[in-house]
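Participant: What follows is a predicted structure for the sequence shown.
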Amino acid sequence: MRRLLGTLVALAVAAGAAVLTWPSAFGVERVFPVAQVISFRAPLAAVLLASTLLMLLFALIRPLRALALVLALILGVSGGINVAVLSQRGLGSEDLPEKTATSLRVMTWNTAGSATSAESIARFAVGMQADVVTLPETTIDTGAEVAEMMRDMGQPMWAHHAEYGEYGVTGWDATSTTVLIRPELGDYSVIQSSLDGSSNTSTVPSAVAMPTSGDGPIIVAAHAVAPRQGYMTEWRSDLQWLADQCTTDNVILAGDFNATLDHMTGMGVDDGTLGRCHDAASESGNGGVGTWPTDAPAMLGAPIDHVMATPDWTVSGSVVMRSLDGSGSDHRPIVVQLERAAG
């Protein structure tokens, strides 16, 4: 009886560890509550490895030795795989190459509305020489103020936005997404379907800015709804909508996806991460660095903010900015440097 019980416990632990370590193999990466747990791979790895050590201690107790060693093996392997996945995606690189005349720097920062001052946004954007800035949870009033400050600092920007929200809360900053674009990229306009919500993310808006002159990229300032239990269907729909924006050429997609790379498994085409877009952070050493929340160490957070681009662009560097954790927002900004792909 004891052996049977031990076998059942081992099988249950193995199944749970397998689901959390490789959820896409079971098709549950976008299913509650697995989706919430796998958002935090680093803490998950830490728990698995700590449990491994605990099982090794239990193995000192003779009646528990066999089961404890089996569980230690299962948990240790699972923890090691999680560490390997994080390492492959990148555990942190703060090296941005020198910007050239052909480089494009894209910055995204969920500012949590008025929690982050316009001055903080402007100074950081100018300091990083950003050409495109996407600002989920930022009103056009704040965006215009940021653009004016950047102009006064010698780096003018045009401000665009999309705004709506099913909650109907007037002035709630999460119902607005702003995008700033450097005039040298050409003239831009946010498409009508973004403005009226006829084709957009479900609950909080994204803004699709199309070039009306010049050869600049289509810029999608993204904001997907958070995967709370009551919004799982909307969240999955939002991710699919974002993937659909990356089916054409010359697209840059940047913002708060409320999703990690694990959640996007199977949503790419032509070797893309989401649609044809590739995740810039994971291609430049930062894919495992948490962008939310700022009150947790970056390596224990969830990497849910992204900059992505179609194959028209290659990534030459990225940075997840940790020094701004006290600025007010619960998200860390990301800056990515892109170059036009040869040919």
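Facilitator: In hand now; what should we look at? Residues are numbered from 1 along each chain as shown.
Participant: From now on I want contacts and neighbour counts done on CA atoms only, so please keep to that.
Facilitator: Will do.
Participant: Could you double-check that V320 lies in contact with H331?
Facilitator: No. Assessed by Cα atoms under 8 Å, V320 is found out of contact with H331, at 10.1 Å.
Participant: Mind listing the shared neighbours of those two?
Facilitator: T291 (Cα atoms under 8 Å, 6 or more residues apart in numbering).
Participant: Show me what the biggest helix by length in the chain is packed against.
Facilitator: Longest helix in the chain, counting residues (DSSP state H): helix 65-89. Packing partners of helix 65-89 (3 or more Cα pairs under 8 Å, 6 or more residues apart in numbering; DSSP states H and E): helix 2-21, helix 41-58.
Participant: would you turn those helices into TSV with mean neighbour count and distance to S282?
Facilitator: Shown next, in TSV, are the helices and strands packed on helix 65-89 (neighbours: other Cα atoms under 10 Å; distance: least, Cα to Cα, whole Å):
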stretch	mean neighbour count	distance to S282
helix 2-21	15	18
helix 41-58	19	14
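Participant: mean pLDDT lowest for which of these?
Facilitator: Of all the helices and strands packed on helix 65-89, helix 2-21 carries the lowest average pLDDT, namely a mean of 90.
Participant: helix or strand right after that helix?
Facilitator: helix 34-37 (DSSP states H and E).
Participant: any chance you could map the strands in the stretch 51-200 of the chain?
Facilitator: 104-108, 132-136, 158-163, 176-181, 188-190 (DSSP state E, counting those that start in this stretch).
Participant: So, low pLDDT: which residues of this protein?
Facilitator: In the predicted model of the chain, residues 1, 165-172, 343 satisfy pLDDT under 70.
Participant: and with 90 instead?
Facilitator: Under the criterion pLDDT under 90, the flagged ranges of the chain are 1-7, 9-10, 62-65, 92-95, 114, 164-175, 195-197, 213-215, 326-327, 341-343.
Participant: Which residue ranges make up the domains of it?
Facilitator: 2-89, 104-340 (automatic domain parsing).
Participant: Nearest approach to D95 belongs to which of those domains?
Facilitator: domain 104-340 (6.6 Å; Cα to Cα).
Participant: gap between the two ends of that closest one?
Facilitator: For domain 104-340, the first-to-last residue distance is 8 Å (Cα to Cα, to the nearest Å).
Participant: What is the distance between that domain and the centre of its chain?
Facilitator: For domain 104-340, the separation from the chain centroid amounts to 9 Å (computed by Cα atoms, centre = their mean, to the nearest Å).
Participant: again, but for stretch 98-105
Facilitator: On Cα atoms, centre = their mean, the centre of stretch 98-105 falls 23 Å from the chain's centre.
Participant: Could you do stretch 33-44 as well?
Facilitator: 14 Å.
Participant: taking the domains of the chain together, which one is wrapped up most tightly?
Facilitator: domain 104-340 (a mean of 21; mean count of other Cα atoms under 10 Å).
Participant: State the distance from V9 to T175.
Facilitator: For V9, the distance to T175 - Cα to Cα - is 47 Å.
Participant: and the nearest residue to S24 once chain neighbours are set aside, which of the three is it?
Facilitator: Excluding the flanking residues, the one nearest S24 by Cα to Cα, 6 or more residues apart in numbering is T265, at 6.6 Å. Taken by DSSP: H, G, I helix; E, B strand; the rest coil, the conformation at T265 corresponds to coil.
Participant: quick one on the thing from earlier: got TSV for the strands of the stretch 51-200 of the chain, with distance to R65 too?
Facilitator: Formatted as TSV, the strands of the stretch 51-200 of the chain follow (distance: least, Cα to Cα, whole Å):
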stretch	distance to R65
strand 104-108	51
strand 132-136	52
strand 158-163	60
strand 176-181	56
strand 188-190	64
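Participant: A222 looks like it's in a strand, true?
Facilitator: Yes. The assignment for A222 by three-state DSSP puts it in a strand.
Participant: that older thread, nearest to T291 among the helices and strands packed on helix 65-89 would be which one?
Facilitator: Going by Cα to Cα, the one of these nearest T291 is helix 41-58, 12.7 Å.
Participant: Please enumerate residues in contact with that closest one?
Facilitator: Counting by Cα under 8 Å, 6+ apart, 37-38, 64-65, 68-69, 71-73, 75-76, 78-80, 82-83, 86, 299-302 sit against helix 41-58.
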